[in-house]
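> Need a 3D model of the sequence below.
(2 chains)
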There are 2 protein chains.
Amino acid sequence: MTDPTPAQQSGPDAAAGTGLSRRRALGLLGAGALGAGVGVGVPSLHAGAAAPTTRSTVPFHGAHQAGITTSMQGHLHFASFDVTTRDRAALVGLLQRWTSAAAALTAGRELGVDGALGGQPLAPPEDTGEALGHDASRLTLTFGFGPSLFDGRFGLAGRRPAALADLPAFAGDVLEPARSGGDLCVQACADDPQVAVHAIRNLTRLASGVAAIKWAQLGFGRASSTNAREATPRNLFGFKDGTANITADDTAALEEHVWASAADGASWMAGGSYLVARQIRMLTETWDRTSLTEQEQVTGRSKGEGAPLGSRRERDAVVPAALPPRSHVALAHPSAHGGARMLRRGYNFVDGADGLGHLDAGLFFLAYQRDPRRAFVSVQRALSRSDAMGEYLRHTGSSLWAVPPGALPGGWVGQTLFA
Amino acid sequence: MTDPTPAQQSGPDAAAGTGLSRRRALGLLGAGALGAGVGVGVPSLHAGAAAPTTRSTVPFHGAHQAGITTSMQGHLHFASFDVTTRDRAALVGLLQRWTSAAAALTAGRELGVDGALGGQPLAPPEDTGEALGHDASRLTLTFGFGPSLFDGRFGLAGRRPAALADLPAFAGDVLEPARSGGDLCVQACADDPQVAVHAIRNLTRLASGVAAIKWAQLGFGRASSTNAREATPRNLFGFKDGTANITADDTAALEEHVWASAADGASWMAGGSYLVARQIRMLTETWDRTSLTEQEQVTGRSKGEGAPLGSRRERDAVVPAALPPRSHVALAHPSAHGGARMLRRGYNFVDGADGLGHLDAGLFFLAYQRDPRRAFVSVQRALSRSDAMGEYLRHTGSSLWAVPPGALPGGWVGQTLFA
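Residues are numbered from 1 along each chain as shown, chains lettered A, B, ... in the order given. Now for the predicted structure:
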């Protein structure tokens, strides 16, 4: 399949692209407009002008949605929505509006025909404006459908994929309803948090009367790597995370473990994937009081290099039998789960303090997979029973999403489901 | 006075400095260590080695604390602490440990003698490790004392500055105790959020048994500018914010409006400043439904250029009498407050959703000033009575801090208070 995200090849410095940014375009055009006494409206920037294609832009259209294999951006804004109508046509209309808006926003354009400044002065602006002066910042917008969307409201009950089976309860879950579930999700990733926030805010506006935001999560400092050329980032336990992740250039692994196929049962999901999102609170204060040896035994890797214990280098092969049997890496290893793997792109989060003298911090776990029953559920069942790391973790939020294939120009995200 | 923060002169691209980063140093030394079969410990990186001074490093020591006039970094982690002991010596010991740690962290060094990896394997590491591989990222750490520190517990009741008068209640305040007040604060600013979070987390660890975190706030995308050469950033209402801010090179304005003087009454605060921190929820959904004209009338500036209404350019002089009398800019103008000005360095925040279908988002307002009674209190009293923007804002958190002068090498932050 074609790679929908060529921009990911440019690596973590892609945001430093040299193309024309919104700020510079506005500055150049604004000066002329001001000189002519026209004021600050710059309508030529809006009105569907062709986007400047720069290294900061990740193509939106493609066989797969962007934001899955895309090299991880620095910031996440993830939002879950409840659909507030029972009108199927209104829901379809929202998906069409979201698709159109996502194509504009990911290209670094303002929203709507008239953007933030070019509309009628007595009307609310189409774009809220806080991203003026910011370039696309490798923004990706990835849409998903929760299991609850397939209840009786929209005539979709017969189209629920078997792989979108409700996640079971796991030992140690302390899930909060206010951080869990939802009918629709949008994952916004960008190298500039203001750009990701602007996107979620404006998509939320476009949903008015059709869907309302249920919960949202900000994240930073990618806690995984989806690019073998990048150094593996560290999670809030101080360990490298994602060494054995599926990378964007491993086409065979993506086909086998990430992309759903028509042969899997739900043909409308061909080229899509399933996303498990978990808010995992990390009890850093407790962790920080344990010894380096204990931390490494619990993890199964060395803290500095990230090598499997007993090995020397980060990418040395993991041999589970050579690791402490209750270590995180041993229990999660594909060999214990029928070879199943996931593409992880989680982010660290800090949501202030918990009111008990501790930071409310951890990992917002995001993992894409072809079938959660064979991947996440199998792994988490083993971890929840035995993982030595479990005493330092609390799963406080959980959601599951069917992420449909990408839209081609002229199409819309979800079209294969509603067609 | 000497400028403690020369690195700020390098502007917003300072983080792209070319010096040796922790990641690269670790990689270089680690490879050698591994080749010699030593494992992953790299003790030569710890043990008080001289910091690599790069453009990503803001000097910690100086007449003033860094993080006030320092050109604003991209990310904020602000924490408020309750002191949990009545032992004055323990409190002094904490301030000494914090000073030493802040000098190391802001120089890009790991914490303690042995850092994250170099200690005894059977002991908890001195540094939590998640900033390994990240450079200093222009980290600044700025410490403050809340009014409650001057109660009877530590023998400081007689040393409370008159300028640290409790803030009055303002019309429209809906302050939450869990987001307000505190005995001690640390403002961490960095261009990399993981570096700011790492700093607050490790300072919190060092406070164990002496102080516990009360509340904390993450922020992003500086909502003000403290550098006249930077484009003015936009707040979540989409407007430029901070056009008329005091800039780091305006020494006369800093002396008059920001730095406390011995002549002000509390000699221990000479060279320090007073910080007002307010969590201001912005009702973006309501704002977004108003017309561009109404938004501009409420603000008093144009949305695109940021010019005072009726003028053409952002930096044209503000003439309050020429603006709508209830506009934000007119009411806050220094001419209405005896000429008082503040140095603002607020950050945008998004704390998920509010459970009612809205983003919980706004401005974490941070303003440094010589005397809050003549500056913030005067301005906020006027705004809370008349500001047309008030219907779109809710002040949900409030705190006030005496930010003492900077420490010189060998000294510690707060020494002038406890001496």
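> The residue in the stretch 51-200 of chain A that chain B sits nearest to: which element?
Residue nearest to chain B within the stretch 51-200 of chain A: A:Gly129 (2.6 Å; Cβ to the nearest Cβ). For glycine as for every other residue, the C-beta is placed from the backbone atoms N, C-alpha and C. Taking DSSP states H and E as the definition, one finds A:Gly129 inside no helix or strand.
> and stretch A:118-125, how far out from the chain's middle?
The chain centre lies 33 Å from the centre of stretch A:118-125; the measure is Cα atoms, centre = their mean, to the nearest Å.
> Spatially nearest residue to the residue of the stretch 51-200 of chain A closest to chain B (excluding sequence neighbours)?
B:Gly238 (2.6 Å; Cβ to Cβ, 6 or more residues apart in numbering or on different chains).
> ok so the one you found is a helix residue?
No - counting by DSSP: H, G, I helix; E, B strand; the rest coil, B:Gly238 is not part of a helix but coil.
> what's near enough to touch it?
A:Ala116, A:Pro125, A:Thr128, A:Gly129, A:Glu130, A:Leu132, B:Gln295, B:Lys303 (Cβ atoms under 8 Å, 6 or more residues apart in numbering or on different chains).
> Surely A:Ser261 is in contact with A:Trp268?
No - counting by Cβ atoms under 8 Å, A:Ser261 does not reach A:Trp268; the two are 11.8 Å apart.
> Same drill for those two, tell me which one is more crowded.
A:Trp268 (19 against 15; other Cβ atoms under 10 Å in any protein chain shown).
> next helix or strand past the helix of greatest length in chain A?
As assigned by DSSP state H, the longest helix anywhere in chain A is helix A:88-106. Using DSSP H and E, the helix or strand that follows helix A:88-106 towards the C-terminus is strand A:140-145.
> what's the distance between the residue of the stretch 51-200 of chain A closest to chain B and B:Gly362?
According to Cβ to Cβ, to the nearest Å, A:Gly129 stands 16 Å off from B:Gly362.
> swap in A:Asp135?
24 Å.
> do A:Pro409 as well
37 Å.
> These two: which is more packed in?
B:Gly362 (29 against 8).
> Not counting its neighbours along the chain, what's nearest the more buried one?
B:Met282 (3.9 Å).
> go on, A:Tyr274?
A:Pro372 (5.1 Å).
> which SS state does the spatially most central residue of chain A fall under?
Per Cα atoms, centre = their mean, the C-alpha nearest to the average position across chain A is that of A:Gln187, at 4.2 Å. Secondary structure of A:Gln187, reduced to three states by three-state DSSP: strand.
> try the one 10 residues further on
For A:Val197, the secondary-structure state derived from three-state DSSP is helix.
> need the contact list for it.
Shown in contact with A:Val197 (Cβ under 8 Å, 6+ apart): A:His77, A:Glu130, A:Ala188, A:Leu218, B:Phe220, B:Leu236, B:Asn348, B:Val350, B:Ala361.
> And for A:His198?
A:His198 neighbours (Cβ under 8 Å, 6+ apart): A:Leu105, A:Thr128, A:Glu130, A:Ala131, A:His134.
> Next one: the fourth one relative to A:Thr106, how far apart?
So that's A:Ala131. Applying Cβ to Cβ to A:Ala131 and A:Thr106 gives a distance of 12 Å.
> Specify which residue of these two has the higher count of neighbours.
Counted by other Cβ under 10 Å, A:Ala131 and A:Thr106 do not tie: A:Ala131 has more neighbours, with 32 against 27.
> nearest spatial neighbour of the more buried one, skipping sequence neighbours?
A:His198 is the one closest to A:Ala131 (Cβ to Cβ, 6+ apart), at 4.0 Å.
> distance of that neighbour from A:His134?
8 Å.
> again, but for A:Arg370
Taken as Cβ to Cβ, the span from A:Arg370 to A:His134 is 35 Å.
> Equivalent analysis for A:Leu149, please.
Looking at A:Leu149 against A:His134, where the rule is Cβ to Cβ, the gap reads 32 Å.
> related to what we said a few turns ago, next, the contact list for the residue nearest to the centre of chain A, please.
Contacts of A:Gln187 by Cβ under 8 Å, 6+ apart are A:Gly67, A:Leu76, A:Phe78, A:Thr140, A:Leu141, A:Thr142, A:Phe143, A:Gly144, A:Leu275, A:Leu366.
> at 6 Å what do you get?
A:Gly67, A:Phe78, A:Thr142 (Cβ atoms under 6 Å, 6 or more residues apart in numbering or on different chains).
> Take those residues and write them to a markdown table, including neighbour count, pLDDT and distance to chain B.
A markdown table is the format used below for the contacts of A:Gln187 (neighbours: other Cβ atoms under 10 Å in any protein chain shown; pLDDT from 0 to 100; distance: Cβ to the nearest Cβ, whole Å):
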| residue | neighbour count | pLDDT | distance to chain B |
| --- | --- | --- | --- |
| A:Gly67 | 32 | 98 | 19 |
| A:Phe78 | 26 | 98 | 10 |
| A:Thr142 | 27 | 99 | 18 |
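> from these, which single one is nearest B:Leu393?
A:Phe78 (26.2 Å; Cβ to Cβ).
> Surely the closest one is in a strand?
Yes - the assignment for A:Phe78 by three-state DSSP puts it in a strand.
> Let me see the contact set for A:Ser386.
So A:Ser386 contacts A:Arg326, A:Leu331 (Cβ under 6 Å, 6+ apart).
> What does the nearest residue to A:Ala157 once chain neighbours are set aside show for phi and psi?
Excluding its sequence neighbours, the residue lying closest to A:Ala157 (Cβ to Cβ, 6+ apart) is A:Phe150, at 5.8 Å. When quoted as degrees, to the nearest 10, the phi and psi of A:Phe150 stand at phi -100, psi 20.
> wait, A:Trp215 sits on A:Pro177?
No - with contacts counted by Cβ atoms under 6 Å, A:Trp215 stays clear of A:Pro177, the gap being 9.3 Å.
> okay, these two: which has more neighbours?
A:Trp215 (24 against 9).
> quick one, phi psi at that one?
phi -150, psi 160.
> got the contact list for it?
Counted by Cβ under 6 Å, 6+ apart, A:Trp215 has contacts A:Ser80, A:Arg179, B:Ala353.
> May I ask which of the contacts of A:Val197 has the most neighbours?
That'd be A:Ala188 among the contacts of A:Val197, by other Cβ under 10 Å, with 29 neighbours.
> got the residues of chain A near chain B?
A:34, A:40, A:117, A:121-125, A:128-130, A:193-194, A:197, A:205, A:212-213, A:215-216, A:218, A:220-221, A:231, A:234, A:236, A:238, A:288-289, A:291-293, A:302, A:304-305, A:312, A:350, A:352-353, A:357 (Cβ under 6 Å from any Cβ of the partner chain).
> Among those residues, the buried ones, what's the PyMOL command?
Of the residues of chain A next to chain B, the buried ones go into a single PyMOL selection, burial set by 16 or more other Cβ atoms under 10 Å in any protein chain shown:
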select buried, chain A and resi 34+40+117+124+125+128+129+130+193+194+197+205+212+213+215+216+218+220+221+231+234+236+238+288+292+302+304+305+350+352+353+357
